[in-house]
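the following comprises the amino acid sequence and a computationally predicted model.
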Amino acid sequence: MSESGDANSGLETLLLLHDEIFPMDNGWWTKIEAWQVVPNEHMPHGIRYSLTLHDRHNVRILGYDNAHGIKPQRKKYGAKRQTWDHKHQRKIVEPYEFESAAQLLEDFWQDVSEMMGEE
């Protein structure tokens with residue numbers, strides 16, 4: 001399969017998972033929201049998304065989204081670029097380099113697996 005075919009199947013999978021909630025054995029749960037938007041300055045890939053992991057108390061402990069911009073850590077000298085794709089891990093927010101819908105899903109489920117192992 002070509003690279004663009006992989007990208008398309010990843011996008012189709014992500015969009016099909018919109019509004020899906022996956023309960024976990026330990027009381028944790030995940031929710032996926034994803035829909036296509038007109039590509040713009042903040043979402044050049046044309047996807048708005050939110051993939052979250054919540055604990056048994058409904059507290060979000062992991063999230064990948066592009067619902068709002070974040071400012072990267074301040075550097076003494078340099079351009080101030082606001083990033084929209086980002087990752088929340090507990091109280092830490094950091095930029096996320098969006099490559100493809102398939103990679104987003106892979107990164108999210110890898111982090112979910114790691115966090116479940118820490119519990």
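That came through, no problem. Numbering: from 1, shown residues only.

where does this protein have low pLDDT?
Applying pLDDT under 70 to the chain picks out residues 1-7, 68-83, 119.

for it, which residue occupies the most central location?
Nearest to the mean C-alpha position of the chain, counting by C-alpha atoms, centre = their mean, stands residue 64 at 2.5 Å.

distance of that one from residue 93?
11 Å (C-beta to C-beta, to the nearest Å). C-betas here are computed from N, CA, C, even on glycine.

list the buried residues in the helix of greatest length in the chain.
If you go by DSSP state H, the chain has its longest helix at helix 101-118. In terms of neighbour count (16 or more other C-beta atoms under 10 Å), helix 101-118 has its buried residues at 101, 102, 104, 105, 107, 108, 111, 112, 115.

hang on, isn't the second one packed against residue 12?
No - with contacts defined as C-beta atoms under 8 Å, residue 102 does not count as touching residue 12, sitting 9.8 Å away.

before we move on, back to that, which neighbours do residue 64 and residue 93 share?
86, 87 (C-beta atoms under 8 Å, 6 or more residues apart in numbering).
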